[in-house]
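Q: pasting the structure only:
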């Protein structure tokens, strides 16, 4: 009797333990879509930011701007996604419930891994915490037998290694997420529409078996993890001697009209290089074509040819409106027309420091004042390449990251422009006006008194800055360096010694251009320009 009781108790405990290990559905090709319906329209109003494909298998996708993904309407990809979504829905439908919570979710409530079943419509209010209990493979399935809505500002919070890729919401009715809702997981609405209202942030997917998907000024990103491949982007081109030049033309005059500061070589292979001051260039100024410029021109041609034939993954359909805080991931992008960068483009390496970004522009490139390219999550300027088949005009105080290769067009870099990368033209003049340009790693430069690798440079960011400035030192000679910042008329506005790897400086300075100087303990000097946009 005791033995049988022990066996029964143990079995019950094992069953109870096993029951909370919900099984994730297989999304198949529907996993590539951030927004999708098998039958209905997919539409956007306002400026929505989407990372992942967008589409419908029976309808149209309208009013989306540039999407970090591929737009699909009634094609082979949507047919496959619709079939995969049916399979995933059936798996969610068949999931055996472990828990039966009330219809009001949130208000500080914490859920642990398992399958939850709500037998009526449900609402999310305030905060709902999904606790992974230290297991990144823990799965949450929340089944709602009716409509699902959220209150304004409601949030789903992941804790203790819970991942958005392992969270699934099966909704048997309308999904309507209110303004400023922060949602995690893949939403599957069955025979009903999905509405994501203003400023909703969804780390996951919004998928409907039958019903329109409508978004208003939202951010939707397919979640990382759960075996999803890490994006690497294409293979970067081999720069050869191009790596040692920051400003260069294969055929055309290279001219500085004021007092630009450049880290890297400056030159042209046909024409003259004029206006650059030796004290402002950490590198070699090639006033006339020589063997170095000849080799650079040849290598630049090879780099251009490689990038030109590189297959593209994603076409950004609205090149005239690039920016607007769009976030891009490691891919080869095509912009098939004249491109205007306004606001900010963010390049997100998703934690992969070797990830490469290539943007191929079939037309001229221009920017608005203070337009910026910024790097996050491990993205590095050395892995960013802009191929422009046309002229380039970077407007005042634009902040750019990456190597720009202008083919058969002139380049104009206006007042206060900062570049972490290179400005190169295969055939066209390059004119700079009071810029600050620093090439990315790949070449060793001759500094004032000793050879200093560019990787050892002191980084000052953001540039332009407003209110505060960060100074990051690296290399064995950077710590203990003296930093001074002066106005353009020579007035010292800051002087300090850098003793930490990263230093934050409060900089309440009037708008304008300033000059910084870093003197290392070994006597080498780094100079550059900063822009305040108070």
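A: Thanks, I have it. Quick caveat, the model's predicted, so the values are computed rather than measured.
Q: roughly how far apart are residue 426 and residue 236?
A: 18 Å (Cβ to Cβ, to the nearest Å). Placement of C-beta: from N, CA and C, glycine included.
Q: Residue 79 too?
A: When Cβ to Cβ is the yardstick, residue 79 and residue 236 sit 35 Å from each other.
Q: Residue 129 bridge partners, please.
A: When assigned by DSSP bridges, residue 129 has beta-bridge partners residue 110, residue 157.
Q: tally of neighbours for residue 231?
A: Other residues lying near residue 231 total 18 when counted by other Cβ atoms under 10 Å.
Q: and if you look at residue 159?
A: Burial of residue 159 is recorded as 12 neighbouring residues (other Cβ under 10 Å).
Q: How much space separates it from residue 303?
A: As judged by Cβ to Cβ, residue 159 and residue 303 stand 46 Å apart.
Q: got it, and residue 333?
A: Here residue 333 is placed at a distance of 17 Å from residue 303 (Cβ to Cβ).
Q: before we move on, what about residue 173?
A: As it turns out, when the distance is counted by Cβ to Cβ, residue 173 lies 55 Å from residue 303.
Q: try residue 165
A: As for residue 165, its distance to residue 303 is 37 Å (criterion: Cβ to Cβ).
Q: what do you get for residue 387?
A: Counting by Cβ to Cβ, the separation of residue 387 from residue 303 is 9 Å.
Q: next one: residue 363
A: Distance check for residue 363 against residue 303: by Cβ to Cβ, it reads 20 Å.
Q: between the two, which one's more packed in?
A: The neighbour comparison of residue 363 against residue 303 (other Cβ under 10 Å) goes to residue 303, with 22 against 18.
Q: show me what contacts that one?
A: With contact taken as Cβ atoms under 8 Å, 6 or more residues apart in numbering, residue 303 is in contact with 237-240, 242, 405.
Q: Ok, residue 465 next?
A: Applying Cβ under 8 Å, 6+ apart, the residues near residue 465 are 507, 530-533.
Q: could you redo the last one with a cut-off of 7 Å?
A: Taking Cβ atoms under 7 Å, 6 or more residues apart in numbering as the definition of contact, the neighbours of residue 465 are 507, 530, 532.
Q: Out of those residues, which one has the weakest pLDDT?
A: Lowest model confidence among the contacts of residue 465 falls on residue 530, which carries 79.
Q: Just list whatever residues bridge to the residue nearest to that residue when sequence neighbours are not counted.
A: Counting by Cβ to Cβ, 6 or more residues apart in numbering, residue 530 lies nearest to residue 514, which is 4.7 Å off, once chain neighbours are set aside. In this structure, residue 514 bridges to residue 487, residue 530 when assessed by DSSP bridges.
Q: Run a quick neighbour tally on residue 514.
A: The local packing of residue 514 (other Cβ under 10 Å) involves 21 other residues.
Q: Need the pLDDT of it.
A: On the pLDDT scale, residue 514 gets 82.
Q: do residue 7 as well
A: Residue 7 is assigned a pLDDT of 40 by the prediction.
Q: Hmm, the residue nearest to residue 530 is touching residue 487, no?
A: Yes - here residue 514 lies in contact with residue 487, judged by Cβ atoms under 7 Å, at a distance of 5.9 Å.
Q: and for those two, which residues touch both?
A: Among the neighbours of residue 514, those also in contact with residue 487 (Cβ under 7 Å, 6+ apart) are residue 493.
Q: Which neighbours do residue 387 and residue 303 have in common?
A: Here residue 387 and residue 303 have residue 405 as joint contacts, going by Cβ under 7 Å, 6+ apart.
Q: which stretches of the stretch 51-200 of the chain have low pLDDT?
A: Under the criterion pLDDT under 70, no range of the stretch 51-200 of the chain is flagged.
Q: Do a quick rundown of the helices in it.
A: 76-94 (DSSP state H, counting those that start in this stretch).
Q: show me the contacts for residue 77.
A: Counting by Cβ under 7 Å, 6+ apart, residue 77 touches 29, 55.
Q: Hmm, residue 37 and residue 208 touching each other?
A: Yes - Residue 208 is in contact with residue 37 according to Cβ under 7 Å; the separation is 4.2 Å.
Q: on that earlier part again, which residues touch the residue nearest to residue 530?
A: Residue 514 makes contact with 485-487, 493, 529-530, 532, according to Cβ under 7 Å, 6+ apart.
Q: what does residue 433 give?
A: Contact criterion Cβ under 7 Å, 6+ apart gives 257-258, 413-415 as the residues in contact with residue 433.
Q: what does residue 483 give?
A: The neighbours of residue 483, taking Cβ under 7 Å, 6+ apart as the test, are 471, 496, 498, 516, 518.
Q: burial of the second one, as a residue count?
A: Residues contacting residue 496 under the criterion other Cβ under 10 Å number 13.
Q: Next, it: secondary structure please.
A: Secondary structure state of residue 496, per DSSP: H, G, I helix; E, B strand; the rest coil, is strand.
Q: and the nearest residue in space to it that is not next to it in sequence, what are its bridge partners?
A: Counting by Cβ to Cβ, 6+ apart, residue 496 lies nearest to residue 483, which is 5.4 Å off, once chain neighbours are set aside. Using DSSP bridges, the beta-bridge partners of residue 483 come out as residue 496, residue 518.
Q: re earlier: list buried residues within the contacts of residue 514.
A: Buried subset of the contacts of residue 514 (neighbour count, 16 or more other Cβ atoms under 10 Å): 485, 529-530, 532.
Q: With residue 182 as the reference, measure out to residue 301.
A: Spatial separation of residue 301 from residue 182 under the definition Cβ to Cβ is 49 Å.
Q: Could you do residue 247 as well?
A: Using Cβ to Cβ, we find residue 247 at a distance of 44 Å from residue 182.
Q: I'd guessed residue 518 sits against residue 460; true?
A: No - with contacts counted by Cβ under 7 Å, residue 518 stays clear of residue 460, the gap being 8.6 Å.
Q: The two - which one has more neighbours?
A: Neighbours were tallied for residue 518 and for residue 460 using other Cβ under 10 Å; the higher tally belongs to residue 460 (23 against 20).
Q: The more buried one contacts residue 516, correct?
A: Yes - at 6.3 Å, residue 460 counts as touching residue 516 under the criterion of Cβ under 7 Å.
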